[in-house]
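Q: Got a predicted structure here, sequence first:
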Amino acid sequence: MLADLLLSFPVPRPPTYLTSYQPGVTPLSTVPSVATTVAIYLSIVFGIHTYQKDRAPKKLNTLFQIHNILLSSVSGLLLVLILEEILPTLWNKGVFYAFCSADAWTEVSTFRRFSRPC
């Protein structure tokens, strides 16, 4: 319902390698890309930690608060979309079926090929 409404807006669609897993094509699907990303991430985190060690903490300003509200809103929207997909199966078939049956996974559930029934 909500997903259909959101998909009805004319927006450009992302490439398929971003919406479904394709080994070697999807971002972070190879060991070198993951290792590079982790190294850069850790360098940034520990570099900022070292730089900020002797400085006073910054106060949150309005721009950061607006940014956090937007992130929280998008996270809430994603939660609603996931629940819209999961709750009917839980309600109609029960918890065991929803978690253990291969038939419970829909095309929207991207982890179908990685899951194994109980």
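A: Good, I have the coordinates. Worth saying up front: this structure is predicted, and the values here are computed from it rather than measured. Residues are numbered from 1 along each chain as shown.
Q: Please count neighbours and contacts with C-alpha atoms only from this point.
A: OK.
Q: what helix or strand does Ala83 sit in?
A: If you look again at residue 83, you'll see it is Leu, not Ala. Assessed by DSSP states H and E, Leu83 sits inside helix 62-93.
Q: Tell me how far whichever helix or strand comes after that helix lies from the chain's centre.
A: Beyond helix 62-93 in the direction of the C-terminus, DSSP H and E gives the next helix or strand as helix 95-100. With CA atoms, centre = their mean, to the nearest Å as the basis, helix 95-100 stands 22 Å off its chain's centre.
Q: For helix 95-100, enumerate the helices and strands it packs against.
A: Here helix 95-100 touches helix 62-93, going by 3 or more CA pairs under 8 Å, 6 or more residues apart in numbering; DSSP states H and E.
Q: Buried residues of the helix it packs on, list them for me.
A: By 16 or more other CA atoms under 10 Å, the buried positions in helix 62-93 come out as Glu85, Ile86, Thr89, Leu90.
Q: The last one contacts Cys100, correct?
A: No. Counting by CA atoms under 8 Å, Leu90 does not reach Cys100; the two are 11.4 Å apart.
Q: before we move on, the earlier item: over the helix holding Leu83, what's the mean pLDDT, rounded is fine.
A: Mean pLDDT, helix 62-93: 91.
Q: tell me what that helix is packed against?
A: The criterion is 3+ CA pairs under 8 Å, 6+ apart, and the helices and strands that helix 62-93 contacts are helix 2-7, helix 95-100.
Q: Look up phi and psi at the residue in the chain sticking out farthest from the centre.
A: If you look at how far each residue of the chain sits from its centre, by CA atoms, centre = their mean, the farthest one is Asp54, at 34.6 Å. Torsion angles at Asp54 (phi, psi; degrees, to the nearest 10) stand at phi -100, psi 10.
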